[in-house]
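>>> show me the folded form of this:
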Amino acid sequence: MSKPAPPVFVSSDAARAVFRWKDAIEALQATYSRPIEPAAAPARTIAAGEKAWLRTLPAVPPGGRYFGAKMMGMATTAPSPGVEYVIVLFDRHTSRIAAFVDANLVTAYRTAATSAAALDRLAPKKSTHLAVLGSGLEASMHTRAFAAIRELSEVTVFSPTPARRAAFAEAVTRDLGTSTRSASTAQEAVAGADIVLAAARSRGEVPILYGAWLEPGATVVSIGSTIPQQREIDSSVVERSDLIVCDVLEEVLHETGDMIAARNAGMEVENKAFSLADLMRGACAERLKTTQAPLFKSVGAGLQDVVVAELILTKALQAGLATPLPVVFETKH
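So this is what the prediction gives:
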């Protein structure tokens, strides 16, 4: 009997070298177009105690070779506490652990690629003015993901720190060749925009985006409020929206501060909310034909992590950038 191949490690440097936005966007669109059993993409779990926490996001994507889970954790008592992310992939062909993928960069990739996968169905196919609220990693990744599916005629950016938003504008202009300018307020940034990305929770959990600022027909993507205590978009944005697409429907509607605030304000959201799978499979096709104010809201899911990690692992193996590990796991039969 031949000796099983050892698992491999895929670093963020390797992931960066092989990742392509269109590949990830198309892979996610294909995954969400297939039937997905609820047990294949369960809700995240969080364990906490003794000043430490661990979050786990498992998934068994339909049609893929690999399945697995992303884990992240932090001990707050460490001298310099920080979060590390890892995705463990199992191989359907062998039932063995195939890879450990550094998931810090993958998390940003999958979040932006998922938003782009939804936006590609929601926003008109035309040259687009993009407004970005936020200048961090997620904002940067989303801008590049959106540029893979739409021609960006202009990008405007606002974040609280002038130097950071100026650096963001300079980097986008350099990397994408798109005219990019920083704005002194969020309202100024979104003026005239066709697509508005909210990618920065506010300080003090006060919303950073209001419905009255938005142009008629503008599409909103919100990724910054993922738990009940967080706020990003005002309830007026939710009220304005005539189609709300959620990557994880129940979690977005009932476990994000923005949607909780909207319901507390007396708004009906369930009757205009659909899952990302609904969008990809055409379940909201009639609503999509008439929508004038679509909103995509994301909390992230293990399904997205595993799909993008599989794509990266496959390419890293082909490119010789995956590092074999000198370990063997015992198999229980």
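
>>> Ala99 versus the residue lying closest to Ser275 once chain neighbours are set aside, what's the distance?
Excluding the flanking residues, the one nearest Ser275 by CB to CB, 6 or more residues apart in numbering is Leu249, at 4.2 Å. C-beta: built from backbone N, CA, C; applies to glycine. Note on Leu249: its distance to Ala99, by CB to CB, to the nearest Å, is 30 Å.

>>> more neighbours: which of those two?
Per other CB atoms under 10 Å, whichever of Leu249 and Ala99 has more neighbours is Ala99, with 25 against 18.

>>> now the more buried one: which helix or strand?
Element membership of Ala99, judged by DSSP states H and E, is strand 97-102.

>>> again, but for Phe9
Per DSSP H and E, Phe9 falls inside strand 8-10.

>>> can you list the residues that contact that strand?
Strand 8-10 is contacted from outside by 98-102, 309, 312-313, 316-317, 321-325, using CB atoms under 8 Å, 6 or more residues apart in numbering.

>>> correct me if wrong: Leu279 contacts Val245.
Yes. Using CB atoms under 8 Å, Leu279 is in contact with Val245, at 5.0 Å.

>>> overlap in contacts, those two.
With CB under 8 Å, 6+ apart as the test, Leu279 and Val245 both reach Ala118, Leu122.

>>> the two: who's more crowded?
Val245 (30 against 27).

>>> the more buried one pairs with what?
Counting by DSSP bridges, Val245 forms beta bridges with Phe274, Phe296.

>>> show me what counts as buried in the longest strand belonging to the chain.
If you go by DSSP state E, the chain has its longest strand at strand 66-75. Neighbour-count burial for strand 66-75 flags Tyr66, Phe67, Gly68, Ala69, Lys70, Met71, Met72, Gly73 (criterion: 16 or more other CB atoms under 10 Å).

>>> now stretch 21-40
The neighbour-count criterion (16+ other CB under 10 Å) identifies 21, 23-32, 36, 40 as the buried residues of stretch 21-40.

>>> and if you look at stretch 170-186?
Using 16+ other CB under 10 Å as the test for burial, stretch 170-186 gives Val172, Leu176, Thr178, Thr180, Ser182, Ala183, Ala186.

>>> can I get those residues in a markdown table with distance to Lys51, pLDDT and secondary structure?
Conversion of the buried residues of stretch 170-186 to a markdown table gives the following (distance: CB to CB, whole Å; pLDDT from 0 to 100; DSSP: H, G, I helix; E, B strand; the rest coil):
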| residue | distance to Lys51 | pLDDT | secondary structure |
| --- | --- | --- | --- |
| Val172 | 39 | 98 | helix |
| Leu176 | 42 | 97 | helix |
| Thr178 | 45 | 96 | coil |
| Thr180 | 42 | 97 | strand |
| Ser182 | 39 | 96 | strand |
| Ala183 | 40 | 97 | coil |
| Ala186 | 35 | 97 | helix |
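
>>> would you format the residues you listed as TSV with distance to Leu209 included?
Formatted as TSV, the buried residues of stretch 170-186 follow (distance: CB to CB, whole Å):
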residue	distance to Leu209
Val172	20
Leu176	23
Thr178	22
Thr180	19
Ser182	17
Ala183	13
Ala186	6
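
>>> tell me the secondary structure for Ser236?
helix (DSSP: H, G, I helix; E, B strand; the rest coil).

>>> pLDDT weak spots in the protein?
1-2, 202-203 (pLDDT under 70).

>>> where exactly do the helices run in it?
Using DSSP state H, the helices of the chain run over residues 12-18, 21-33, 103-122, 137-147, 162-176, 186-190, 235-240, 249-255, 257-264, 276-281, 285-290, 302-319.

>>> looking at those helices, which is nearest to Lys332?
Evaluated over the helices of the chain, closeness to Lys332 peaks at helix 302-319, with 22.8 Å, by CB to CB.

>>> what is the closest one packed up against?
Packing partners of helix 302-319 (3 or more CB pairs under 8 Å, 6 or more residues apart in numbering; DSSP states H and E): strand 8-10, helix 12-18, helix 21-33, strand 52-59, strand 66-75, strand 84-91, strand 97-102, helix 103-122.
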